[in-house]
Structure formats: C-alpha cells, structure tokens
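>>> below are the sequence and a predicted model for it; my questions follow.
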Amino acid sequence: MSLKITKVTARIGARVSGVDLTRPLSDEQVAEIREALNVHKALVFDATGLDDAGQEAFLSRFGELTTAHPTVPAVEGAPNVLPVDSERGRSNHWHTDVTFVVNPPQVTSLRSITIPPYGGETLIANAAAAYRDLPEPLRRLADTLWAEHTNDYDYAVPDEAIDEAEAARRAQFTSIRYRTAHPVVRVHPLTGERGLFIGGFAQRIVGLSAGESRKILELLQAYVTRPENVLRHRWSENELVLFDNRITQHYAIDNYDDLPRRLHRVTVAGEVPVGADGKQSWAIEGDASHYTAVAPVPVGA
C-alpha cells in the first residue's frame with residue numbers, strides 16, 4: 001500500500017501515514033519516504049510502540065548510523081541514541097546538526113519521549129527555499145563563500161552569567177575542538193538543489209574579518225528563518241520527525257518554563273558537502289572518525 005503524504009505547509013513539512021515504523025519496511029516504502037524527504041525536507045510520523053532499537057532500525061534503512069555525538073554521551077546501552085533533554089541544556093538557537101565535523105549527518109530523527117503540556121515546539125527551516133529567495137546578486141555572492149564551523153562557538157550568554165552545571169556542559173561539548181570549512185551554498189547530492197549551509201556553528205567567512213563575517217552571516221540567515229520557510233512542529237506523544245540535515249536548520253523553542261522535555265535523536269552518516277564550485281569541505285581541526293563514517297556520494301549525483 002502506498003504511503004499517504006499530506007503537506008503541512010507550502011514550503012516545508014509533510015505528515016506521513018500508512019506506515020508502521022515498528023515493522024520492517026519494504027524497499028518501496030523506503031524509496032517513497034526518501035522521495036518525500038527530498039520534496040518536503042521534514043516528515044512527521046506516528047511512532048506508537050517504537051523504542052530506541054526500533055528508531056535505530058528505521059534510520060538504518062537510510063544509511064549507516066552515526067554514534068550519538070562526537071563529544072556528548074549517548075543513552076545508556078544505546079550508543080547511537082542521543083538524549084535531547086531539557087535537563088542537559090536547551091538548543092534554542094538555529095543550527096544544522098554537527099556541522100563542525102567534515103561530514104555532518106545527512107538525516108536526523110527526533111522521537112518524543114517526554115512532552116511538556118505547553119510549548120517545546122521545534123522549528124525546522126527550508127534552506128533551499130531560503131537560497132531561492134535570495135536576490136540574484138546575493139545568490140552570486142553566496143555561491144563563492146566558504147565558512148568555518150566550530151563547536152567552540154561564541155555563546156550569547158557571558159561566562160560570568162552561567163552556573164556550574166552549564167559550565168560543565170560547555171566543557172563537555174568542546175572537550176574535542178572541531179573546526180571545518182564548508183561551502184555557504186551546499187549542493188544537495190540527490191536533488192541538485194542549492195541551499196544555505198550556515199547556522200549557529202558557522203562563525204566566520206573564510207577570508208573575512210569576524211565583524212564582516214557576522215554581518216554577512218546575519219544577512220543570509222535572515223532568509224533561512226523567514227516565517228514562510230519554517231515549519232513549527234508542536235509535539236505530541238509517540239511522534240517521530242525525520243528531516244534532511246543537509247538542507248534544513250532547526251531550533252528548539254524554550255517556552256515551557258522548567259517543565260521536563262525529552263526527545264531521542266538518531267542520525268545517519270552523511271557525505272562530505274560539495275559547494276557550487278564542485279569543491280568539497282575540509283577539516284581544519286579535530287578528528288571525528290570515532291563519531292561517523294563518511295557516506296559515499298549517491299550514484300548519479
């Protein structure tokens with residue numbers, strides 16, 4: 001039976017029905033989901049009955065899994081599963097997952113475990129639509145730019161304003177320092193679409209000063225986060241959201257007071273990004289081979 005794909009917004013997001021994620025998927029179902037992901041960038045599934053092992057099995061149909069994170073511990077007994085837990089910090093900044101390594105994940109999944117009674121939505125933005133929105137002169141400029149991404153990024157909160165727990169989380173997150181140069185415009189290996197590949201870990205434009213870089217990145221980022229390009233997903237129990245990490249950004253809204261919120265994340269190893277000029281990203285600092293294999297570029301790409 002074919003899957004039912006229902007659009008959620010014009011530019012990003014669809015709900016998928018007609019599939020049971022707790023059962024093995026056919027090759028045809030996997031191909032349909034991959035095609036829907038190429039088109040809609042973010043997909044929402046009913047995940048009733050799915051556990052960590054089932055989430056890993058589902059994601060493994062799209063490629064080799066990464067471990068949970070280069071520096072942050074996994075769920076105990078599940079080395080591929082990252083707990084996204086409000087008690088361990090809140091990711092209320094726009095980012096694409098793990099872009100500070102040379103081959104960030106291609107696909108990210110988030111599964112609801114504990115959901116607050118209000119708030120806690122996840123925003124997901126379509127970076128391809130953002131690129132298409134750019135005026136032609138800005139598009140031509142962006143095509144030529146490269147940016148350094150790092151996990152040792154400039155935090156909005158000054159050091160003196162954080163508590164011991166947050167300081168410990170920061171120290172863990174940066175326990176291995178990574179810096180990687182990525183194209184500001186990434187070409188998607190399956191669709192050929194161009195998307196703005198920036199976000200919170202992109203700290204500096206190669207060849208420009210910090211001040212110049214900040215202004216250009218802010219200008220381009222404003223196109224990514226236009227409301228028309230953003231899906232605002234309100235979580236329910238037993239849901240899984242799958243999104244293409246190569247051509248989206250996301251943001252966890254911190255609007256649920258001190259209530260608990262927990263998702264489990266599993267990601268699929270990605271290819272080395274390629275820019276509009278055909279050049280690949282390169283690592284400047286840090287070895288992530290313990291975290292992820294390098295996925296092959298799809299045949300025909």
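That came through, no problem.
>>> and Tyr131, how many neighbours?
25 (other Cβ atoms under 10 Å). C-beta coordinates here come from the backbone N, C-alpha and C atoms, glycine included.
>>> that one and Ile198 touch, don't they?
No - contact criterion Cβ atoms under 8 Å: Tyr131 and Ile198 do not qualify, at 10.6 Å.
>>> point out where this structure drops to low pLDDT.
Applying pLDDT under 70 to the chain flags the ranges 1, 88-90, 153-162, 299-301.
>>> how about the helices of it, start to end?
Counting by DSSP state H, the segments of the chain that form helices are 27-40, 52-60, 127-133, 136-144, 164-173, 210-224.
>>> looking at these, which one is packed in the most?
helix 127-133 (a mean of 23; mean count of other Cβ atoms under 10 Å).
>>> what's next to that one, contact-wise?
With Cβ atoms under 8 Å, 6 or more residues apart in numbering as the test, helix 127-133 has contacts from 11-12, 41, 96, 139, 142, 185, 188, 193-198, 220, 223-224, 226, 228-229, 247-249.
>>> which ones among the residues you listed are found in strands?
Val185, Arg194, Gly195, Leu196, Thr248, Gln249 (DSSP state E).
>>> closest one to Pro105 out of those residues, please.
Ranking the ones in strands among the contacts of helix 127-133 by separation from Pro105, with Cβ to Cβ as the measure, puts Thr248 on top at 11.3 Å.
>>> got CSV for the helices of the chain, with distance to Val272 too?
As requested, the helices of the chain are exported to CSV (distance: least, Cβ to Cβ, whole Å):
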stretch, distance to Val272
helix 27-40, 19
helix 52-60, 20
helix 127-133, 18
helix 136-144, 18
helix 164-173, 23
helix 210-224, 22
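>>> nearest to Arg234, out of the ones you listed?
Arg234 lies closest, by Cβ to Cβ, to one member of the helices of the chain: helix 27-40, at 17.4 Å.
>>> run through who's touching the closest one.
Residues outside helix 27-40 that contact it (Cβ under 8 Å, 6+ apart): 2-3, 5, 7-8, 12-14, 16, 19, 25, 43, 61-62, 107, 188, 190-191, 242-244.
>>> so how do I select the buried members of those residues in ChimeraX?
If you want just the buried ones from the contacts of helix 27-40 in ChimeraX, going by 16 or more other Cβ atoms under 10 Å, the selection is:
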select :3,5,8,12,13,14,16,19,25,43,62,107,188,190,191,242,243,244
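>>> re the thing from before, any chance of the ones in strands among the contacts of helix 127-133 in JSON lines with distance to Pro79 and neighbour count as columns?
Formatted as JSON lines, the ones in strands among the contacts of helix 127-133 follow (distance: Cβ to Cβ, whole Å; neighbours: other Cβ atoms under 10 Å):
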{"residue": "Val185", "distance to Pro79": "34", "neighbour count": "25"}
{"residue": "Arg194", "distance to Pro79": "34", "neighbour count": "22"}
{"residue": "Gly195", "distance to Pro79": "30", "neighbour count": "26"}
{"residue": "Leu196", "distance to Pro79": "32", "neighbour count": "29"}
{"residue": "Thr248", "distance to Pro79": "25", "neighbour count": "26"}
{"residue": "Gln249", "distance to Pro79": "26", "neighbour count": "29"}
